[in-house]
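J.: Here you go, sequence then predicted model.
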Amino acid sequence: MNVLKCWFLVVASTVFSGIFSVDAQNFGSVNSGPSFAKQGSHWLNLNLGLSFMNPNAANFDDPFLMTGENRRNFGIIAQPKFQVFIKDRLGVGFHLGTAFEEFENEEISFKQNKNNYFVGVQGEYYFLNLNDFFLMSSELDLGYHWMQQKVNTAASEINTSSSNYLKAGLSVNLNFVLHDDWVLYAKFFDVLSYTSSENNFFDYSKGLQLNNSLENFVNFPQFGVLWKLF
């Protein structure tokens with residue numbers, strides 16, 4: 001945990017010092033040109049994730065569950081957000097969402113699914129702009145989650161459990177401006193994360209954790225679209 005705290009301080013200080021040291025000229029075209037990321041603008045944001053990758057065997061108490069060929073996994077995340085820019089390049093807002101994941105191994109008659117519901121707040125800062133087309137941003141979110149997990153095996157009846165937890169995450173978004181009113185992005189989520197319980201949707205360890213965001217993106221890719229309201 002001490003190592004993770006050190007990593008958190010190093011990475012967070014690097015990210016935020018980079019954010020606030022960006023000269024206005026480097027971001028000038030967003031400040032002076034298109035209306036995107038301008039103070040007072042209001043946006044709707046729809047973040048979606050989809051996964052067909054088999055989960056990590058470490059997420060199960062019995063690694064035998066990952067054996068055999070007749071295994072399948074499906075996961076989906078839907079997270080609508082509302083965001084308002086309180087100053088140029090800095091937006092804050094709130095979100096709600098739902099996530100579902102199902103893993104099944106037909107050879108041993110095992111099936112597990114997770115239903116996750118959450119609500120929270122987020123802040124996002126756009127710190128790099130290239131020709132008013134490609135932008136990078138860092139996003140910090142904090143949410144309250146409720147998750148229900150069901151496990152069905154051949155040897156027992158359905159076992160249902162639920163958990164409530166808090167989760168925070170620091171992510172990096174790659175944004176592509178299609179129009180002043182439309183932006184598409186890819187989300188490398190949870191570079192750093194904090195969860196108050198080990199029973200969480202992504203099976204993170206309790207507490208502060210430094211994650212492989214590239215691996216997260218490959219296993220559960222997330223994309224989104226921003227639409228300007230006014």
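T.: Structure received.

J.: Now Asp180: phi and psi?
T.: phi -60, psi -30 (degrees, to the nearest 10).

J.: tally of neighbours for Asn164?
T.: 11 (other Cβ atoms under 10 Å). C-beta coordinates here come from the backbone N, C-alpha and C atoms, glycine included.

J.: and the one helix or strand it maps to, which residues are buried?
T.: According to DSSP states H and E, Asn164 maps onto strand 156-179. Buried residues in strand 156-179, counted by 16 or more other Cβ atoms under 10 Å: Ser163, Tyr165, Lys167, Ala168, Gly169, Leu170, Ser171, Val172, Asn173, Asn175, Val177.

J.: and the gap between the closest residue to the first one other than its chain neighbours and Trp227?
T.: Excluding the flanking residues, the one nearest Ser163 by Cβ to Cβ, 6 or more residues apart in numbering is Asn199, at 3.9 Å. Between Asn199 and Trp227 the computed distance is 35 Å (Cβ to Cβ, to the nearest Å).

J.: Looking at these two, which one has more neighbours?
T.: Neighbour count, other Cβ under 10 Å: between Asn199 and Trp227, Asn199 has more, with 17 against 12.

J.: The strand or helix carrying Ala78 pairs with which strands?
T.: Per DSSP H and E: Ala78 is located in strand 71-87. Partners of strand 71-87 in the sheet, by DSSP bridges, are strand 42-51 (antiparallel), strand 90-105 (antiparallel).

J.: Pro80: which of those strands is closest?
T.: strand 42-51 (5.4 Å; Cβ to Cβ).

J.: chain center to that closest one: distance?
T.: Distance of strand 42-51 from its chain centroid, counting by Cα atoms, centre = their mean, to the nearest Å, is 10 Å.
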